[in-house]
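Curious how this folds, go ahead:
(one chain, ligands or ions: 2)
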Amino acid sequence: MSALILGIETSCDETAAAVVEDGRVLRSNIIASQFHLHERYGGVVPEVASRHHLEVILQVIDAALAEAGCAWADLAGVAVTAGPGLSGALLVGVNTAKTLAWAHGRPLLGVNHLEAHLYANWIEVAGRPYREPELPALGLIVSGGHTDLVLMRDHGVYERLGRTRDDAAGEAFDKVGRLLGLGFPGGPAIERVARGHRARRRLPRAWLRNSDDFSFSGLKTAVLHAVRGEEGPPPPVPELAAAFQESVVDVLSKKAAAAAAREGARSLLLSGGVAANGPLREALVERSPVPVFAPPPVLCTDNGAMIAACAHFRFEDVRAGWDLDARPDWRW
Ligand code: KG4
Ligand code: ZN
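Ligands and ions are numbered 1, 2, ... in the order given. Sure thing, here's the model as predicted:
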């Protein structure tokens, strides 16, 4: 018998719900993005985010069930992001999931958002040949809040190799996007304007030798100096965007590929919002000693499908009681 899991995600600025079968087959995937609400502030406003989650979450869940053609009684479980993330935003998802799971007599599953990003790589996508990632795998999670390099030895068995010491990769994209007047979120905007342009001036790369950690704040400052014309006339925006992107992609891809080789990984899993970046995906494929997995862009940014997939593979470990609470600082 196949197992259907409903996955709910509200940790930041996406209200999302999806139904996934056996951790792999995407039956529905509904994402209500709030970016238009936060755009004018140049970043996510936590209070605005929670209020909007509350307004749309029930519709989003209903739509996910309807699109999957599935009733509450068909569900093997209700999975929800318990952390890390914005506390008010997480609470909306956790309390909704708890209430609905209890009311419909379904098991409740509390999932870690970062672990779930990795599981986006287990989801089958129509039109793409399916291959299951082989373990151990090297995971590079690059999102608005995190830049983590982890070794996934088995389901639920992780070793964190490195993390950012300052800005997350996505945060750097967003801040530089703002510096260049490209709006929010900066990642997709930078990728778009940089397309077809090459950096004439090279921006710095923080290699942090002998460590799997990352640092992007120096690069951000270098862009600021360039924009202000402190090192000669400011280069055109597309060129600066290209130089910034090149630097981030270079560091992420080289360090991830080197770690995969050193740790004897059998696959490299890219995930998180920044994994939607085309040049990053290409650079990893070129440099990685092992097959690279990257979800389609819609599954790179926050979504409910990855929450459901993660809950499927970790079912017994993520079973939660009715006292499940949001864990904004969940370290994993
Ligand atoms: O995973 P995600 O949706 O939310 C978090 O958990 O943070 O990631 C959002 C981040 C934002 O910083 C956004 O600028 C970045 O992912 N991003 C990209 C691209 N698409 C989204 N960064 C670079 N290139 C992209 N195409
Ligand atoms: Zn995320």
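
List the beta-bridge partners for residue 111.
residue 81 (DSSP bridges).

and it, what does it touch?
7, 79, 80, 81, 82, 307, 310, 311, 314, 318 (CB atoms under 8 Å, 6 or more residues apart in numbering). C-beta here means a position set from N, CA and C on the backbone, and glycine is covered the same way.

switch to 7 Å and redo it
Contacts for residue 111 (CB atoms under 7 Å, 6 or more residues apart in numbering) come out as 79, 80, 81, 82, 307, 310, 311, 318.

Top of these by number of neighbours, please.
The most neighbours of any of the contacts of residue 111, using other CB atoms under 10 Å, belong to residue 307, which has 37 neighbours.

State the three-state secondary structure for that one.
helix (DSSP: H, G, I helix; E, B strand; the rest coil).

Excluding chain neighbours, what is closest to it?
Nearest non-adjacent residue to residue 307, counting by CB to CB, 6 or more residues apart in numbering: residue 7, 3.4 Å away.

about what we covered before: with distance to ligand 2 and pLDDT as extra columns, can I get the contacts of residue 111 in TSV?
Converted to TSV, the contacts of residue 111 look like this (distance: CB to the ion, whole Å; pLDDT from 0 to 100):
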residue	distance to ligand 2	pLDDT
79	15	98
80	14	98
81	9	98
82	14	98
307	10	98
310	12	98
311	16	98
318	17	98
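
Now the stretch of helix or strand residue 54 belongs to: buried residues?
When elements are assigned from DSSP states H and E, residue 54 belongs to helix 46-68. Neighbour counts over helix 46-68 (16 or more other CB atoms under 10 Å) mark 46, 48-50, 52-54, 56-57, 60-61, 64-65, 68 as buried.

Could you dump the contacts of residue 111 into TSV with distance to residue 228 added?
Converted to TSV, these look like this (distance: CB to CB, whole Å):
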residue	distance to residue 228
79	47
80	44
81	39
82	43
307	42
310	44
311	48
318	48
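
what does the helix holding residue 54 contact?
Residues outside helix 46-68 that contact it (CB under 7 Å, 6+ apart): 6, 8, 10, 12-13, 15-19, 27-28, 30, 32, 34, 37-38, 86, 88-89, 92-93, 96, 304.

Other residues contacting the host helix or strand of the residue nearest to residue 307?
Per DSSP H and E, residue 7 falls inside strand 4-9. For strand 4-9, contacts defined as CB under 7 Å, 6+ apart pick out 16-21, 27, 61, 64, 70, 74-81, 93, 96-97, 302-305, 307-308, 311-312.

Tell me the first helix or strand C-terminal of it.
Counting by DSSP H and E, the next helix or strand C-terminal to strand 4-9 is strand 14-21.

Give the pairing partners of that next one; include direction for each.
Strand 14-21 has the following strand partners under DSSP bridges: strand 4-9 (antiparallel), strand 25-33 (antiparallel).

Identify the residue spatially nearest to the residue of the stretch 1-150 of the chain found nearest ligand 1, adjacent ones excluded.
Ligand 1 sits closest to residue 144 of the stretch 1-150 of the chain, with a gap of 2.8 Å, by CB to the nearest ligand atom. Take residue 144 and drop its neighbours on the chain: the residue closest to it by CB to CB, 6+ apart is residue 170, 3.8 Å away.

For that neighbour, give me its contacts.
142, 143, 144, 187, 273, 274.

Among those, which lie within helices?
Counting by DSSP state H, the contacts of residue 170 place residue 187 in helices.

Keep the contacts of residue 170, but drop any that are not near ligand 2.
Contacts with ligand 2 are made by residue 143 out of the contacts of residue 170, judged by CB under 5 Å from the ion.

Name the helix or strand for the residue of the stretch 201-332 of the chain at minimum distance from ligand 2, please.
Among all residues of the stretch 201-332 of the chain, residue 302 sits closest to ligand 2, at 4.4 Å; criterion: CB to the ion. Under the criterion DSSP H and E, no helix or strand holds residue 302.

I'd like to know how many residues surround it.
Around residue 302 there are 27 residues (other CB under 10 Å).

you'd agree it is up against residue 17?
No - counting by CB atoms under 7 Å, residue 302 stays clear of residue 17, with 11.5 Å between them.

Export stretch 79-97 to CSV, keeping only CA atoms.
C-alpha atoms of stretch 79-97 as CSV (Å, rounded to 0.1, in the frame of the first residue of the first chain):
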residue,chain,number,x,y,z
ALA,A,79,4.2,16.6,8.6
VAL,A,80,5.1,20.2,9.5
THR,A,81,8.3,22.2,9.7
ALA,A,82,9.0,22.6,13.5
GLY,A,83,12.1,24.7,13.0
PRO,A,84,14.4,26.4,12.5
GLY,A,85,12.8,29.6,11.3
LEU,A,86,10.8,32.7,12.4
SER,A,87,9.0,31.8,15.6
GLY,A,88,5.6,33.4,14.9
ALA,A,89,5.6,32.0,11.3
LEU,A,90,6.5,28.5,12.5
LEU,A,91,3.8,28.6,15.2
VAL,A,92,1.1,29.0,12.5
GLY,A,93,2.2,25.9,10.7
VAL,A,94,2.8,23.8,13.9
ASN,A,95,-0.5,24.7,15.5
THR,A,96,-2.5,24.2,12.3
ALA,A,97,-0.9,20.8,11.7
